[in-house]
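> Output the structure for:
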Amino acid sequence: MLRTMIAIMLLAGSTAAAQTQGAAATPPPESAAKPKPGLSLAQIERLLSIGSPDEMVADLIKERGVAADIDREILGQLQGKGAGNRTIQALKQYLPKAAVVITGPAGAEVLINWNAAGNLDQTGAFTKTGLEPAHYTLEVRQDRYLPWKMETDLAGGKTSSFTAKLTPAFGQLTLKSLVAGARVTVDNHTVNVVAGTPLELSVGTHRVTILARLYSPYEETVSIAGGETSEIDPHLTPDQAQLNIIRARAVQSSSTPRFQRQVNARAIRTNTTPNTYQSGNQAAILSALDAATIYLEFFPKDPAVLGSYATALYTMNRMDQFAAAATRALAAGGTLSFAVRHPHGDAGKIAQSSSATAAHPATLTIQSDRIGYSSSFAFKCPVRTVSRPPSAYQLVDADRDVLGLRFADPAKPKKLVKLDLTDPMGRIPALSQLVRLVIEGKVQ
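Predicted coordinates for the structure are as follows:
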């Protein structure tokens, strides 16, 4: 109690001395009394020096105010001279306030020390004044963007400016190539994606899976960075086990000369063409064609499949596709075998005859470096088998329905052997053209 009274007296004396500056002063009437001036720094130090209670000093500061500039250095000095927590807290309100200016995306939300403080205006600016000088956590948030954060100390009497550069919370993934019909999943979710077109994904790590018929599953883990585009070039590995089954179907017996003869005989009996009549034989050929088409997408130079594909087209009378397929097969090293007939009389007159006595079955085999012939009735045919380089033959187009080959007799080199071949389905012109290309060395 005594200390309190002494403190009040000291303050009163100090105030009077400051007002009169050594001269006697006539107290003004009570009606003209003025508010008490704020405490000076010297008065606060005097109160502390006599051990004034912390609560009393704090109350005096709140009541009278402070007539001095207060900063953190002064607070430290007063604390060293005995100022308590209440006194320090009372003095802190006289510290110069801090201000902060944040620029960034218009409409973004601003948080100060994790509390909502407002939004950036239409110009992308946010200003906050009257902040206590202290350490702050500043944050700016916007949908589809990663939060921007800044830890900083705001100084009193100063305006601190920051630019919030928000990073998108998504990136993009581009698949350079994609197998037709492939199913793409990202993190087990199917997505619609087109090769070369960016796919939007959230920032982070994702598992990409690609499934396609006749290919082994493809998996890759990708990292997506905000605002950036990642790229992968998935190379799917063919599923060889499944492709082997496809290949076996492509080169099945449906393309052999024996099968061709069966198709020809059925077509003759039904007065149709192999390309129009319906039968199990036709279904088998179509199955082989389909299988070959699929397999050649993976292995376009397989000679056996190319040969099977070409001869199947020939069997089905698809001559518009046959020439290109046949030359492609021969260039790849394939072998083409065709069911033909060998007449022993006037080939031109019996070319269209279906009589076995008029012309017997035979097989014409063509490779890029060899042409061969074999008779199915060797004991009746003077030309049983022959296989020679293409240059050993002469092609004679005596009739459009007859493929005429001439070559030297092995027993009598100066004598030419005549070998005429016919086909009941009218496919000889296409076959003659193919033989001509081989003889002229134009199939490599």
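> From now on I want contacts and neighbour counts done on CA atoms only, so please keep to that.
OK.
> what does the host helix or strand of D153 contact?
Taking DSSP states H and E as the definition, one finds D153 inside strand 148-154. Counting by Cα atoms under 8 Å, 6 or more residues apart in numbering, strand 148-154 makes contact with 98-100, 132-141, 160, 164-167, all of which sit outside it.
> neighbouring strands for it, and are they parallel or not?
strand 134-141 (antiparallel) (DSSP bridges).
> Could you look up the next helix or strand downstream of the partner strand?
Immediately after strand 134-141, counting by DSSP H and E, sits strand 145-146.
> partners of that next one in the sheet?
strand 167-168 (antiparallel).
> pLDDT below threshold where in the stretch 301-444 of the chain?
For the stretch 301-444 of the chain, the stretches with pLDDT under 70 are 345-358, 377-380, 397-399.
> Can you show me the helices along the stretch 101-250 of the chain?
Secondary structure of the stretch 101-250 of the chain, counting by DSSP state H, counting those that start in this stretch: helices at 240-250.
> Spatially central residue in the protein, please.
L175 (2.8 Å; Cα atoms, centre = their mean).
> residues touching that one, list them.
L175 neighbours (Cα under 8 Å, 6+ apart): 194-198, 231-234.
> same thing but 6 Å
195-196, 231-233 (Cα atoms under 6 Å, 6 or more residues apart in numbering).
> what bridges to it?
Beta-bridge partners of L175, as defined by DSSP bridges: I232.
> Any figure for the gap between it and V184?
Distance, L175 to V184, by Cα to Cα, to the nearest Å: 10 Å.
> Equivalent analysis for I366, please.
In terms of Cα to Cα, I366 sits 45 Å off from V184.
> A98: what's it in contact with?
Contacts for A98 (Cα under 6 Å, 6+ apart) come out as 130-133, 154-158.
> 7 Å instead, please
Contacts for A98 (Cα atoms under 7 Å, 6 or more residues apart in numbering) come out as 129-133, 154-159.
> how about the closest residue to L431 other than its chain neighbours, secondary structure?
Of all residues not flanking L431 in the chain, L403 sits nearest, at 7.7 Å (Cα to Cα, 6 or more residues apart in numbering). What DSSP: H, G, I helix; E, B strand; the rest coil gives for L403 is strand.
> Count the neighbours of L403 for me.
25 (other Cα atoms under 10 Å).
> before we move on, what about T197?
T197, neighbours per other Cα under 10 Å, totals 12.
> same deal with A359?
Residues within reach of A359, counting by other Cα under 10 Å, total 23.
> Specify the beta-bridge partners of the residue lying closest to T127 once chain neighbours are set aside.
Excluding its sequence neighbours, the residue lying closest to T127 (Cα to Cα, 6+ apart) is V101, at 4.5 Å. For V101, the beta-bridge partners under DSSP bridges are T127, S161.
> now V101: how far from F162?
Distance from V101 to F162, by Cα to Cα: 6 Å.
> again, but for Y215
Y215 is 54 Å from F162, by Cα to Cα.
> just the strands in the stretch 301-444 of the chain please.
Secondary structure of the stretch 301-444 of the chain (DSSP state E, counting those that start in this stretch): strands located at 336-343, 359-367, 370-375, 385-388, 394-399, 402-408, 416-421.
> any chance of those in TSV, with distance to L306 too?
Formatted as TSV, these follow (distance: least, Cα to Cα, whole Å):
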stretch	distance to L306
strand 336-343	9
strand 359-367	12
strand 370-375	17
strand 385-388	22
strand 394-399	25
strand 402-408	24
strand 416-421	24
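> Looking at these, spot the one closest to A430.
strand 402-408 (9.9 Å; Cα to Cα).
> Quick check: buried residues in the closest one?
Buried residues in strand 402-408, counted by 16 or more other Cα atoms under 10 Å: 402-407.
> Sheet partners, orientation included, of it?
When DSSP bridges is applied, strand 402-408 pairs with strand 394-399 (antiparallel), strand 416-421 (antiparallel).
> Would you agree the residue nearest to T127 is in contact with T129?
No - assessed by Cα atoms under 7 Å, V101 is found out of contact with T129, at 8.7 Å.
> any chance of the contacts of L175 in a markdown table, plus pLDDT, distance to Q282 and neighbour count?
What follows is those, written out as a markdown table (pLDDT from 0 to 100; distance: Cα to Cα, whole Å; neighbours: other Cα atoms under 10 Å):
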| residue | pLDDT | distance to Q282 | neighbour count |
| --- | --- | --- | --- |
| A195 | 93 | 38 | 14 |
| G196 | 93 | 41 | 14 |
| E231 | 95 | 47 | 14 |
| I232 | 95 | 44 | 14 |
| D233 | 94 | 41 | 12 |
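> tell me the most buried of the strands of the stretch 301-444 of the chain?
By mean neighbour count, with neighbours taken as mean count of other Cα atoms under 10 Å, strand 336-343 ranks first of the strands of the stretch 301-444 of the chain at a mean of 25.
> Using PDB, write out every CA atom in that one.
Provided in PDB are the C-alpha atoms of strand 336-343 (Å, rounded to 0.1, in the frame of the first residue of the first chain):
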ATOM      1  CA  LEU A 336       2.700 -70.400-103.000                       C
ATOM      2  CA  SER A 337       1.000 -73.700-104.100                       C
ATOM      3  CA  PHE A 338      -2.000 -73.700-106.400                       C
ATOM      4  CA  ALA A 339      -4.300 -76.500-107.500                       C
ATOM      5  CA  VAL A 340      -4.400 -76.500-111.300                       C
ATOM      6  CA  ARG A 341      -5.200 -79.000-114.100                       C
ATOM      7  CA  HIS A 342      -2.900 -80.300-116.800                       C
ATOM      8  CA  PRO A 343      -4.700 -81.200-120.100                       C
END
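> what's next to that strand, contact-wise?
So strand 336-343 is contacted by 256-257, 260-261, 307, 311, 358-367, 420-423 (Cα under 7 Å, 6+ apart).
> make it 6 Å
Residues contacting strand 336-343 (Cα under 6 Å, 6+ apart): 257, 307, 358-366, 421-423.
> Dump the C-alpha coordinates for stretch 181-201 into PDB.
Output of stretch 181-201 as PDB, limited to C-alpha atoms (Å, rounded to 0.1, in the frame of the first residue of the first chain):
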ATOM      1  CA  GLY A 181      -8.700 -51.000 -79.000                       C
ATOM      2  CA  ALA A 182      -6.500 -50.800 -75.900                       C
ATOM      3  CA  ARG A 183      -8.200 -50.300 -72.500                       C
ATOM      4  CA  VAL A 184      -6.300 -47.800 -70.300                       C
ATOM      5  CA  THR A 185      -6.800 -47.600 -66.500                       C
ATOM      6  CA  VAL A 186      -5.200 -45.200 -64.100                       C
ATOM      7  CA  ASP A 187      -5.200 -46.400 -60.500                       C
ATOM      8  CA  ASN A 188      -7.700 -49.100 -61.400                       C
ATOM      9  CA  HIS A 189     -10.100 -46.600 -63.000                       C
ATOM     10  CA  THR A 190     -10.800 -46.800 -66.800                       C
ATOM     11  CA  VAL A 191     -10.100 -43.600 -68.600                       C
ATOM     12  CA  ASN A 192     -10.900 -42.400 -72.100                       C
ATOM     13  CA  VAL A 193      -7.600 -41.400 -73.700                       C
ATOM     14  CA  VAL A 194      -6.400 -40.800 -77.300                       C
ATOM     15  CA  ALA A 195      -2.700 -41.200 -78.200                       C
ATOM     16  CA  GLY A 196      -1.000 -37.800 -78.300                       C
ATOM     17  CA  THR A 197      -3.800 -36.100 -76.400                       C
ATOM     18  CA  PRO A 198      -3.000 -35.000 -72.800                       C
ATOM     19  CA  LEU A 199      -4.900 -36.600 -69.900                       C
ATOM     20  CA  GLU A 200      -5.400 -34.600 -66.800                       C
ATOM     21  CA  LEU A 201      -4.300 -36.200 -63.500                       C
END
